[in-house]
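S.K.: predicted structure and sequence below. I'll ask about it afterward.
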Amino acid sequence: MILALGLTTAACGGGDRGAETETAPVVAATEAPEFASPTLQAIKRRGRLNCGVHEGLVGFAYTDNRGEWRGFDADFCRALAAAVLGDPNAVRFVPLTSSQRFDALRGGRIDVLWRATSWTMSREVSEGIRFAGVNYYDGQGFLVRRSLDLASAQELNGARVCVQRETTSELNAADFFRARGIEYRPVVTANEEAARTAYAREDCDAFSADISALAAARTLLSNPEQHAILPDVISKEPLGPAVKRGDESWTSIVRWTLNALILAEELGVTADDADRLAEESRDPQIRRLLGVEGDLGPTMGLSKEWARNAIEASGNYGEIFNRNLGPDSSLDLARGLNAQWRARPGGLIYALPIR
């Protein structure tokens with residue numbers, strides 16, 4: 001062990017003051033702790049990743065006619081399984097309601113929660129979880145019938161508003177109306193499907209949730225064109241993967257897998273050309289990302305090709321977005337805040353340096 005020596009300095013005083021000495025404390029240089037993850041070890045032993053997802057939200061996580069899980073969050077689950085196990089199909093999808101999700105994470109039923117969940121202070125402080133990043137920047141809004149001829153949520157005085165129990169949506173709606181002195185009647189439901197059903201039955205005048213969820217709900221209504229999302233955005237909803245508190249190394253693995261997919265889009269690396277670029281590219285960033293140079297994967301207990309496996313599983317961030325939420329999907333959502341930071345106009349999607 002190397003010790004930093006104490007430094008002695010002499011302060012020369014005037015008059016009859018003598019020299020004074022100050023000795024800096026001796027500081028021991030210590031080695032970084034070993035990068036070890038009990039969660040990663042458990043995943044490798046069982047041979048699959050347990051990924052908590054929404055029980056059914058178009059665009060994010062839902063089953064198709066063949067019973068296969070599809071969606072934005074589902075694709076990130078597959079990418080993580082590929083990064084960790086080398087197989088995008090080595091994932092068990094665990095559908096969870098909003099009230100079940102944190103218990104499932106704390107209890108070890110799932111390894112990661114990728115379920116359109118907002119990163120808030122109280123969730124990190126009180127729920128025993130940690131967020132590994134943000135993969136979708138959303139905001140809360142209101143879905144209403146066009147026949148009401150509303151231009152703003154501030155016109156919802158006395159309205160019945162459907163919200164889901166134990167979500168930030170329930171709290172944000174209360175804050176919005178209280179801050180403006182507007183009376184409203186909350187219609188609290190167990191989950192998104194129940195809220196959408198209540199709205200379709202006209203048990204409420206408006207449905208308030210994340211705007212992406214409202215866009216998904218509208219596609220499932222009998223006459224989607226008869227419904228509109230008001231322009232008001234009443235909250236910030238940074239959605240991202242969460243893990244159980246106490247395994248910092250696993251948090252890092254999830255975080256850097258997400259960042260690898262974001263960086264892949266920034267560098268122009270797609271699912272189809274990752275192998276070719278690994279052989280041909282001279283760009284140091286691409287070579288590190290694809291495992292041609294360095295040992296970034298092994299330092300986390302993964303293979304050299306961990307990021308390449310993740311990219312080939314589901315595509316880069318842009319491919320995942322376009323397929324599930326963007327122009328290649330039924331939702332056709334604009335990138336908006338979820339555009340790359342270098343785009344014009346720029347968004348908030350920004351990869352941390354992988355080096």
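M.R.: Perfect, I can see it now. Numbering: from 1, shown residues only.

S.K.: C-alpha from now on. contacts and neighbour counts both.
M.R.: Fine.

S.K.: where along this structure do the helices fall?
M.R.: Per DSSP state H, the chain has helices spanning 38-46, 72-85, 101-106, 121-126, 168-179, 192-200, 211-219, 248-267, 274-280, 284-289, 296-299, 306-314, 317-324. These are given in chain order.

S.K.: any idea how far the residue nearest the centre of the chain is from Thr167?
M.R.: Of all residues in the chain, the one closest to the mean position by CA atoms, centre = their mean is Gly240, 1.3 Å from it. Distance, Gly240 to Thr167, by CA to CA, to the nearest Å: 15 Å.

S.K.: likewise Ala213?
M.R.: With the distance defined as CA to CA, Ala213 ends up 13 Å from Thr167.

S.K.: low-confidence stretches in the protein?
M.R.: Residue ranges of the chain with pLDDT under 70: 1-29.

S.K.: count of neighbours near the nearest residue to Ala216 once chain neighbours are set aside?
M.R.: For Ala216, the nearest residue in space outside its immediate sequence neighbours is Val58; the separation is 5.3 Å by CA to CA, 6 or more residues apart in numbering. Neighbour count for Val58, taken as other CA atoms under 10 Å: 24.

S.K.: surely Val58 is in contact with Gly71?
M.R.: Yes: the pair Val58 and Gly71 qualifies as a contact (CA atoms under 8 Å) at a distance of 7.1 Å.

S.K.: ok, Arg123 - contacts?
M.R.: By CA atoms under 8 Å, 6 or more residues apart in numbering, Arg123 lies in contact with Ile129.

S.K.: my error: substitute Arg92 in the last question.
M.R.: 48-51.

S.K.: for it, give its distance to Arg115.
M.R.: Taking CA to CA as the measure, Arg92 falls 14 Å from Arg115.

S.K.: now do Asn309
M.R.: Distance, Asn309 to Arg115, by CA to CA: 22 Å.

S.K.: looking at the helices of the chain, which is closest to Leu143?
M.R.: Proximity to Leu143 (CA to CA) singles out helix 211-219 among these, at 6.4 Å.

S.K.: what helices or strands is the closest one leaning on?
M.R.: Helices and strands touching helix 211-219, as assessed by 3 or more CA pairs under 8 Å, 6 or more residues apart in numbering; DSSP states H and E, comprise strand 140-145, strand 227-229.

S.K.: deepest of those, which one?
M.R.: strand 140-145 (a mean of 24; mean count of other CA atoms under 10 Å).

S.K.: who's in contact with it?
M.R.: Outside of strand 140-145, the residues within contact range by CA under 8 Å, 6+ apart are 153, 169, 172, 205-211, 214, 226-237.

S.K.: before we move on, the earlier item: what's near enough to touch the residue nearest to the centre of the chain?
M.R.: When contacts are counted by CA under 8 Å, 6+ apart, Gly240 is found next to 114-119, 131-136.

S.K.: I'd like these as TSV, with distance to Leu40 appended.
M.R.: Conversion of the contacts of Gly240 to TSV gives the following (distance: CA to CA, whole Å):
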residue	distance to Leu40
Trp114	17
Arg115	20
Ala116	23
Thr117	22
Ser118	24
Trp119	23
Phe131	17
Ala132	15
Gly133	18
Val134	21
Asn135	21
Tyr136	25
